[in-house]
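In: got a predicted model here, sequence first, then my questions.
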Amino acid sequence: DVKVTQSSRYLVKRTGEKVFLECVQDMDHENMFWYRQDPGLGLRLIYFSYDVKMKEKGDIPEGYSVSREKKERFSLILESASTNQTSMYLCASSLGLAGYEQYFGPGTRLTVT
Amino acid sequence: GQSLEQPSEVTAVEGAIVQINCTYQTSGFYGLSWYQQHDGGAPTFLSYNALDGLEETGRFSSFLSRSDSYGYLLLQELQMKDSASYFCAVRRGSSNTGKLIFGQGTTLQVKP
């Protein structure tokens, strides 16, 4: 079974803090994704990585950066957290070109106060 | 641009059949996926249609009509545990990198 894990289920941070969200997958998948999910807005892609050290911006990259130093690990960084970044963050991975099947982690509920 | 439309909410009773529709506009089409997400849980993959027709997996079936840019997820013999959000998704444009664009989700409520 593919397993995607995220470092925290719940996180509370203060405005202006630098926040790191970690995601690890154990199935040697090339593609990894960070989404945020907000009520009524569905899943929105923040960043995508198709290989180690390779990344692409998604639909809403402003205020975020990412790091992929190892194939199994994809980190999302909030450089200076703001209250409008309070959200559910979901990490996912998929195998190569078969992108129609993504495997999701359990999510991190981030609250910025 | 690319977009998907699906109803925001659907309600049905236990044991019934429900259909969740999805229409899409894309600049290149490779297939339609469906995901299920229970409240507080992670989305999980349900099905994928690359060609026209019906794909059946147990109580769930998914249909695609490429000419109509339309698909649906059919849930039969509804159970209370089927109460969840259901998302359709398509691959983005001509990308071969596995990026998907998701619909906004349909919340299915199953009543006793």
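Out: Looks like it arrived, so ask away.

In: what residues does the closest residue to chain B within chain A make contact with?
Out: Residue nearest to chain B within chain A (Cβ to the nearest Cβ): A:Gly99, separated by 2.3 Å. Any C-beta I mention is one placed from the backbone N, CA and C, and that applies to glycine too. Taking Cβ atoms under 8 Å, 6 or more residues apart in numbering or on different chains, we find A:Gly99 in contact with A:31, B:91, B:97-100.

In: which SS state does it fall under?
Out: coil (DSSP: H, G, I helix; E, B strand; the rest coil).

In: and chain B, which of its residues are near chain A?
Out: B:8, B:30-31, B:33, B:35, B:41-45, B:48, B:87, B:89, B:91, B:96-105 (Cβ under 8 Å from any Cβ of the partner chain).

In: and for B:Leu78, the neighbour number?
Out: Other residues lying near B:Leu78 total 19 when counted by other Cβ atoms under 10 Å in any protein chain shown.

In: same check on A:Tyr35?
Out: Neighbour tally, A:Tyr35, other Cβ under 10 Å: 27.

In: for it, grab phi and psi.
Out: phi -120, psi 160 (degrees, to the nearest 10).

In: please identify which helix or strand holds the residue in chain B positioned nearest to chain A.
Out: As assessed by Cβ to the nearest Cβ, chain A sits closest to B:Gly98 within chain B, at 2.3 Å. Under DSSP states H and E, no helix or strand contains B:Gly98.

In: contacts only, for it.
Out: With Cβ under 8 Å, 6+ apart, B:Gly98 has these contacts: A:30-31, A:50, A:94-100, A:102, B:91.

In: packing partners for the least confident helix or strand in chain B by mean pLDDT?
Out: Within chain B, confidence by mean pLDDT, DSSP states H and E is lowest for strand B:100-102 among all helices and strands, at a mean of 90. Packing partners of strand B:100-102 (3 or more Cβ pairs under 8 Å, 6 or more residues apart in numbering or on different chains; DSSP states H and E): strand A:42-51, strand B:3-5, strand B:84-91.

In: if you set the cut-off to 7 Å instead, what comes out?
Out: Counting by 3 or more Cβ pairs under 7 Å, 6 or more residues apart in numbering or on different chains; DSSP states H and E, the packing neighbours recorded for strand B:100-102 are strand B:84-91.

In: quick one, the strand it packs on and strand A:42-51 angle?
Out: 50 degrees (axes from the mean of the first three to the mean of the last three Cα atoms, to 10 degrees).

In: CA atoms only: put strand B:84-91 into CSV for me.
Out: The C-alpha coordinates for strand B:84-91 follow below in CSV (Å, rounded to 0.1, in the frame of the first residue of the first chain):
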residue,chain,number,x,y,z
ALA,B,84,-18.8,12.0,1.8
SER,B,85,-17.6,14.5,-0.7
TYR,B,86,-16.9,13.4,-4.3
PHE,B,87,-14.6,15.1,-6.6
CYS,B,88,-14.1,14.7,-10.4
ALA,B,89,-10.7,15.6,-11.8
VAL,B,90,-9.0,15.9,-15.2
ARG,B,91,-5.4,16.1,-16.2
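
In: good, wrapping up.
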